[in-house]
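Visitor: Here is the input, now give the coordinates:
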Amino acid sequence: MILSRQADYGIRVMIDVARFGGSEPVTTRDIAERQQIPTAFLHKTVTQLSKAQLLSARRGAGGGLTLQRSADLISVLHIVEAIEGPLSLMDCTMNGNPCERSDHCAVHDLLEETTHELSARLNATSLAELLTKQIAADAKAKRRRKSIVQINAR
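Guide: As a prediction, the model looks like this:
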């Protein structure tokens with residue numbers, strides 16, 4: 001299973017809004033620039049995140065995006081499912097859509113268990129945790145770039 005590019009964008013948008021959306025809304029222009037997301041994709045992604053009640057969008061002067069609830073109350077699963085729909089590795093593992101072999105199929109059981117484990121892991125990881133990891137990763141990358149510049153300056 002590969003998450004779509006749009007799911008990746010959705011996670012990045014949510015991290016960006018959590019990081020830069022203090023007392024003022026974050027503009028889509030700023031998000032697009034920082035996250036290098038094409039505007040058309042960004043608008044589609046924001047629409048889906050808003051429909052899922054993860055983001056609030058306000059138009060006009062002083063408008064932008066804000067989180068609808070605290071970053072520690074939003075899980076990665078919430079974000080992924082807002083973009084991708086219910087998480088499932090195969091159609092036959094989706095709740096309410098069992099195939100005729102599901103009661104005697106080892107593959108079904110394995111994929112259903114794996115889907116539950118993945119869902120639990122994504123649900124246990126909050127947007128706040130991702131933000132903390134992103135800030136640390138950005139700091140590490142900045143230190144690395146600085147040391148490369150210093151080495152090249154010699």
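Visitor: which stretch of helix or strand covers Ala40?
Guide: Take DSSP states H and E as the rule and Ala40 turns out to sit in helix 39-51.
Visitor: I'd like the next helix or strand past that helix.
Guide: Using DSSP H and E, the helix or strand that follows helix 39-51 in sequence is strand 55-58.
Visitor: mind listing what's buried in that following strand?
Guide: Going by neighbour count (16 or more other CB atoms under 10 Å), the buried part of strand 55-58 is 55-56. Every residue, glycine included, has its C-beta placed from N, CA and C.
Visitor: other SSEs contacting it?
Guide: Here strand 55-58 touches helix 5-20, helix 39-51, strand 64-67, going by 3 or more CB pairs under 8 Å, 6 or more residues apart in numbering; DSSP states H and E.
Visitor: okay, the ones you listed in a markdown table with distance to Lys133, mean neighbour count and mean pLDDT next?
Guide: Compiled in a markdown table, these are given as follows (distance: least, CB to CB, whole Å; neighbours: other CB atoms under 10 Å; pLDDT from 0 to 100):
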| stretch | distance to Lys133 | mean neighbour count | mean pLDDT |
| --- | --- | --- | --- |
| helix 5-20 | 9 | 21 | 96 |
| helix 39-51 | 20 | 17 | 95 |
| strand 64-67 | 17 | 20 | 95 |
